[in-house]
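Colleague: Predicted structure and sequence below. I'll ask about it afterward.
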Amino acid sequence: MRKLIVCNIMSLDGYFEGPNKNVMDMFAFREDYPTDESFSMYNAERLRAADTLLLGGTTYEGFKSYWPSVKDDPNQPPLEQEISRLNGAMQKVVISDSLTQDETAPWTNTRIIKRAEAHAQIADLKRQDGKDILVFGSRIMWNDLLANGLVDELHLMIGPNIVGGGTPMFDGKPPVSLRLIDTHSWPDSGLTLVKYAVQPKN
């Protein structure tokens, strides 16, 4: 059974994004840690261990508009270029009722799943042979998968930001228990990583 791993950054007060859906509020700590590359370092590590990227429609559109050109941009750091290459090379699965195959270029190695079919299709995907299935962003999608027993691990990178409002990381209280499996911090970094295994409540 393949693992489905959610990897997200969050504020210290529990938000996925700040007011007005500003995700960049999660990165305000970089003003105090200008050389901190831990977020990209960890994302690259997770991508190397995966062969499928599972995304909600909004996150997919945002990633597709940004990442494909990064690999060939000499002004981008090597780590960002690697993330671009890894994102581009692996299979993408996107949950969307509106996206069409014609709209996936240049990420043509994208499979579109309708929302009504998502639970069954993702359960089947997890049963197939392969490496990890990785989720970035996509909060609405993975909260639904978490509530329906399809998420195996949560990897949350907690920043030293208190945003005071915005979009909470979690929708309500999902019927799961979390078991802490690892914590990690990096020298000269503002981030702390916590990893939890997800266990359905009996």
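Modeller: Yep, it's here.
Colleague: hey, let's count contacts and neighbours off CA atoms from now on
Modeller: OK.
Colleague: could you dump stretch 27-40 to PDB, C-alpha only?
Modeller: Provided in PDB are the C-alpha atoms of stretch 27-40 (Å, rounded to 0.1, in the frame of the first residue of the first chain):
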ATOM      1  CA  PHE A  27       6.600  33.100   4.700                       C
ATOM      2  CA  ALA A  28       6.900  36.400   6.600                       C
ATOM      3  CA  PHE A  29       9.500  34.700   8.700                       C
ATOM      4  CA  ARG A  30      12.000  35.000   5.800                       C
ATOM      5  CA  GLU A  31      12.500  38.700   6.700                       C
ATOM      6  CA  ASP A  32      14.200  37.400   9.900                       C
ATOM      7  CA  TYR A  33      15.700  34.300   8.200                       C
ATOM      8  CA  PRO A  34      16.700  35.500   4.800                       C
ATOM      9  CA  THR A  35      19.000  32.500   4.000                       C
ATOM     10  CA  ASP A  36      16.500  29.900   5.300                       C
ATOM     11  CA  GLU A  37      16.100  27.200   2.500                       C
ATOM     12  CA  SER A  38      14.500  24.600   4.700                       C
ATOM     13  CA  PHE A  39      11.100  24.800   3.100                       C
ATOM     14  CA  SER A  40      12.400  24.100  -0.300                       C
END
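Colleague: residues of it that come out buried?
Modeller: Phe27, Ala28, Phe29, Arg30, Asp36, Glu37, Ser38, Phe39 (16 or more other C-alpha atoms under 10 Å).
Colleague: hey, what's Glu153 bridged with?
Modeller: Applying DSSP bridges to Glu153 gives these bridge partners: Ile5, Ala197.
Colleague: And for it, the neighbour number?
Modeller: 22 (other C-alpha atoms under 10 Å).
Colleague: Run through the residues that contact it.
Modeller: With contact set as C-alpha atoms under 8 Å, 6 or more residues apart in numbering, Glu153 has these partners: Lys3, Leu4, Ile5, Val6, Lys195, Tyr196, Ala197, Val198.
Colleague: repeat that for 10 Å
Modeller: Counting by C-alpha atoms under 10 Å, 6 or more residues apart in numbering, Glu153 makes contact with 3-7, 134, 146, 178-181, 195-199.
Colleague: quick one: which of those is nearest to Ala105?
Modeller: When the contacts of Glu153 are ranked by distance to Ala105 (C-alpha to C-alpha), Leu134 comes first, at 20.6 Å.
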